[in-house]
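> mind looking at a prediction? Sequence and model below.
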Amino acid sequence: MTDLFQKPDDATPLEPHEREGLLQTWITHRSDLNEAEQENIVEGAAWARGRRRFPLEQMLTEDFVRTLHKRMFGDVWRWAGMFRTSERNIGVQAYRIGIELASLLGDIRYWIEHETFLRDEIAIRFHYRLVAVHPFPNGNGRHARLAADLLIERLGGEPFSWGGGSLADVGELRARYVAALRAADNHDIGPLLEFARA
């Protein structure tokens, strides 16, 4: 037995049919999977930040949200860019993903247009709500962090540091991130804002 699908306690496990979506047959251990996903994420980030900058209107669409996920995970998972179809211990019910994502994107457009919050707070609220919707079978946190970085950059700000380390590893940094998300669950966005710029 390998540790391939072993997850941290605070991560959402994959369903058996989702595990079958693994594209790379050489991946047999968790470290292999982490390496393959990280390489794919770097490629996805390079694509998103490539020579053609996406207009804000295009970034705030379901198509872009899905395409970004596919670019970040499509070399590793067959279901990359597809909304999950099964229920989780986190996120909205699967049938509500499209509705909740459309609502989120509409809110972000409104907040930007009406300067409801400062740009950092808009991007962090975007990140938090995207994680809360939990649209994909896996990679939701990493996807939402990159999406928030792209949004803050498009709004003229600097990318976030997200605690200054790798959140893929189990440890104190990830625990602080999860605690900040839980504070946001209780309508306190402050710890997540602070963590993102730490």
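It's in.
> any idea how many residues pack against the nearest residue to Gln58 once chain neighbours are set aside?
Nearest residue to Gln58 in three dimensions, chain neighbours excluded: Phe64, at 5.7 Å (C-beta to C-beta, 6 or more residues apart in numbering). Using the backbone N, CA and C atoms, a C-beta is placed for each residue, glycine as well. In terms of burial, Phe64 registers 18 neighbours under the definition other C-beta atoms under 10 Å.
> show the backbone phi and psi for Phe64.
phi -70, psi -40 (degrees, to the nearest 10).
> next one: it from Tyr128, what distance?
Taking C-beta to C-beta, to the nearest Å as the criterion, Phe64 is separated from Tyr128 by 18 Å.
> cool, Thr85 as well?
In this structure, Thr85 and Tyr128 are 24 Å apart, going by C-beta to C-beta.
> distance-wise, check Glu121 relative to Ser31.
As it turns out, when the distance is counted by C-beta to C-beta, Glu121 lies 36 Å from Ser31.
> isn't Leu192 up against Ile124?
Yes: contact status for Leu192 versus Ile124: in contact at 5.5 Å, counting by C-beta atoms under 8 Å.
> between those two, which one's more packed in?
Ile124 (26 against 22).
> show me the contacts for the more buried one.
Contact analysis of Ile124 by C-beta atoms under 8 Å, 6 or more residues apart in numbering lists 148, 160, 189, 192-193, 196.
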